[in-house]
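J.: coords below, sequence missing:
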């Protein structure tokens, strides 16, 4: 399992819009710290999902990840987060 040197980030505007889409009151605002925290949580979640998917594929002796590998790890991943 090779680590990538490229750092993936989420755009603050996108994270803010996703969070805001769940608010019932249009006047509710998202603070800058909340957006940064959520972006970091998304980053950790995606990294963990990728690592678990790789491990699942390796456990099945596959040299390529597929959506089925991701689907197998998803329930436990969601419970862990």
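T.: It's in. If you're wondering where the values come from, they're calculated on a predicted model, not measured in any experiment.
J.: so what's residue 16 up against?
T.: 30, 35 (Cβ atoms under 8 Å, 6 or more residues apart in numbering). Glycine gets a C-beta too; all of them are placed from N, C-alpha and C.
J.: what strand or helix carries it?
T.: helix 12-20 (DSSP states H and E).
J.: tell me which helix or strand comes right after that helix.
T.: Once helix 12-20 ends, the next helix or strand along the chain (criterion: DSSP H and E) is helix 32-59.
J.: give me the low-pLDDT residue ranges for this protein?
T.: 1-6 (pLDDT under 70).
J.: again, only using 50
T.: In the predicted model, the chain carries pLDDT under 50 at residues 1-2.
J.: in the protein, which residue sits furthest out from the middle?
T.: Here the centre of the chain is the reference, and by Cα atoms, centre = their mean the most remote residue is residue 27, at 27.4 Å.
J.: phi first, then psi, for that residue.
T.: phi -80, psi -10 (degrees, to the nearest 10).
J.: now do it against residue 36, distance only.
T.: According to Cβ to Cβ, to the nearest Å, residue 27 and residue 36 sit 22 Å apart.
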